[in-house]
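Student: Structure for the following, please:
(one chain, ligands or ions: 1)
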Amino acid sequence: MIELRSDTLTQPTPGMRQAIANAVVGDEQKREDPTVIELEERAAALLGQEAAVFLPTATMANQIAVRILTEPGDELLAEEDSHIMISEQGGPAALSGLVMRALPGHAGRLTPEQIRGSVRDHASGHSPRTRLVTLENTHNSAGGRVWPLEEVEAVTKAAREHGLAVHLDGARILNAATASGVPAARIGGLFDTVTICFSKGLGCPLGSVVAGSQELMVKARRAKHLFGGAMRQAGIVAAAAVYALDHHVERLAEDHARARRLAEGLAEAGLPIELEAVETNFVQIDVVTLGLTKAEALARLAEHGVGLSGTIHPTKLRAVTHLDVSDEDIDRAIELIPRALGAKAPLAAPLSGSAGSARRPV
Ligand SMILES: Cc1ncc(COP(=O)(O)O)c(C=O)c1O
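Tutor: Residues are numbered from 1 along each chain as shown. Okay, the predicted model is just below:
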């Protein structure tokens, strides 16, 4: 099976397993785990913040950030398909008592005008206090799209003008930094809090951090305990993240190049791919014009030995590259995916031989 469902599906490499085996550990709750402390210091610097707190998941990292930046009854503004909005079970409402206000985005991005136009006047005492804006970079459900730095600057500035706090869901911030050439610290430093996830493109079994000022991270550490995330010898997993920072950051560019090659190969074979939307390690395929539902398309792909996954979009699938996807996998995927989906190659670039013979009749 060519595993393109998600970049969360990687296996730890032999080098990472060795780092895990050799980790020096201590009681993390007592701040006695040197590997966790090393990771937190490195992650804070990487993200342009003073301090960081190690956590098991990126969902917990987001939820802790939201919790420490708000009071119950406050309002959160977020793009309507962002992970915080659609994939964390309403956590900001359930865990922090927030009103969650979804704003329509373009490629997962919001505008400064949207922020300015959404701040409620709570002076009368009736409205919730608009308090927090959360952004996501790269944006998962938009297809791994990247925020241009000027747009992040403009939106965070608009938020601050209105006294709002700003949080970045940076689960894939290093993909954004790699694609844009803007250091993660430059992006992350614009926010009150920023997260990064180690179990996606960085290839770790688990782990995430939330970063921010020293003062905010004192609150984050308390919230971590409250949410049940305070661990013991957590250096055993933090060691994987330290290893990933040393060995798996530069190679993200390879994932992006493979996604680009896959997208171009599939488009050439006649599949409906929006090439301009392929900015990082995601390729989205809209199966509606192929006359297939997502479920039918996924089943056909599985029969052909290729794993893709659905997206929030009713007719789009995605293929995600990661460190367990090789150049040979991409070559095979470029043959198998069009064959499985019955793509009709455009006349200018006909499909050759066997792929053509297995086309789905229309
Ligand atoms: C943008 C984004 N934020 C947060 C998360 C949550 O990550 P975790 O599964 O580690 O909680 C994900 C997971 O896919 C994600 O894509």
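Student: Domain-wise, how is this protein divided?
Tutor: What automatic domain parsing lists as the domains of the chain is 10-247, 252-354.
Student: Now the lengthiest strand in the chain: average pLDDT?
Tutor: The residue-count maximum for a strand in the chain (DSSP state E) belongs to strand 130-136. For strand 130-136, the mean pLDDT works out to 98.
Student: Over to stretch 207-226?
Tutor: Taken as a whole, stretch 207-226 carries a mean pLDDT of 98.
Student: Would you mind writing the CA trace of it as CSV?
Tutor: Extracted C-alpha coordinates of stretch 207-226, given in CSV (Å, rounded to 0.1, in the frame of the first residue of the first chain):
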residue,chain,number,x,y,z
GLY,A,207,4.3,15.3,20.9
SER,A,208,3.5,18.9,20.4
VAL,A,209,4.4,22.2,22.1
VAL,A,210,2.6,25.5,22.8
ALA,A,211,4.9,28.5,23.0
GLY,A,212,4.5,32.0,24.2
SER,A,213,5.8,34.5,26.8
GLN,A,214,7.2,33.3,30.1
GLU,A,215,4.2,34.7,31.8
LEU,A,216,1.7,32.9,29.5
MET,A,217,3.7,29.6,29.7
VAL,A,218,3.3,29.6,33.5
LYS,A,219,-0.4,29.6,32.9
ALA,A,220,0.0,27.0,30.1
ARG,A,221,1.8,24.7,32.5
ARG,A,222,-1.1,25.0,35.0
ALA,A,223,-3.6,24.3,32.2
LYS,A,224,-1.6,21.3,31.1
HIS,A,225,-2.0,19.8,34.5
LEU,A,226,-5.7,20.7,34.6
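Student: For that stretch, buried residues please.
Tutor: 207-212, 216-217, 219-221, 223-224 (16 or more other Cβ atoms under 10 Å). (Each C-beta comes from the backbone N, C-alpha and C, glycine too.)
Student: can you check stretch 231-243 too?
Tutor: Neighbour-count burial for stretch 231-243 flags 231, 233-243 (criterion: 16+ other Cβ under 10 Å).
Student: Out of these, which are close to the ligand?
Tutor: The subset of those lying close to the ligand, counting by Cβ under 6 Å from any ligand atom, is empty.
Student: Cross these against helices and list the overlap.
Tutor: Counted as lying in helices by DSSP state H, out of the buried residues of stretch 231-243, are 235-243.
Student: sorry, back to before: contact partners of the next helix or strand after the longest strand of the chain?
Tutor: Sequence order places helix 149-161 as the next helix or strand after strand 130-136, per DSSP states H and E. Residues outside helix 149-161 that contact it (Cβ atoms under 8 Å, 6 or more residues apart in numbering) are 109-113, 115-116, 133, 135, 137, 165-166, 180, 182, 186-187, 190-191.
Student: same thing but 7 Å
Tutor: 109-110, 112, 115-116, 133, 135, 166, 180, 182, 186-187, 190-191 (Cβ atoms under 7 Å, 6 or more residues apart in numbering).
Student: Which one of the domains of the chain has the poorest average confidence?
Tutor: With a mean of 91, domain 252-354 has the lowest mean pLDDT of the domains of the chain.
Student: how far out from the middle of the chain is it?
Tutor: 20 Å (Cα atoms, centre = their mean, to the nearest Å).
Student: How about the residues of the protein by the ligand?
Tutor: Contact residues (Cβ under 6 Å from any ligand atom) of the chain with the ligand: 57-59, 62, 83, 136, 140, 169, 171, 197, 199, 208.
Student: Secondary structure class of residue 263, three-state.
Tutor: Three-state call for residue 263 (DSSP: H, G, I helix; E, B strand; the rest coil): helix.
Student: right, and it touches residue 280 too?
Tutor: No. Between residue 263 and residue 280 no contact is recorded; they are 11.2 Å apart, counting by Cβ atoms under 7 Å.
Student: Settle it for me: which of the two has more neighbours?
Tutor: Ranked by neighbour count (other Cβ atoms under 10 Å), residue 263 and residue 280 place residue 280 first, with 28 against 23.
Student: need the buried residues of stretch 231-243 in a markdown table with distance to residue 21, can you?
Tutor: Output for these, formatted as a markdown table (distance: Cβ to Cβ, whole Å):
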| residue | distance to residue 21 |
| --- | --- |
| 231 | 18 |
| 233 | 13 |
| 234 | 15 |
| 235 | 12 |
| 236 | 9 |
| 237 | 12 |
| 238 | 14 |
| 239 | 9 |
| 240 | 11 |
| 241 | 15 |
| 242 | 13 |
| 243 | 11 |
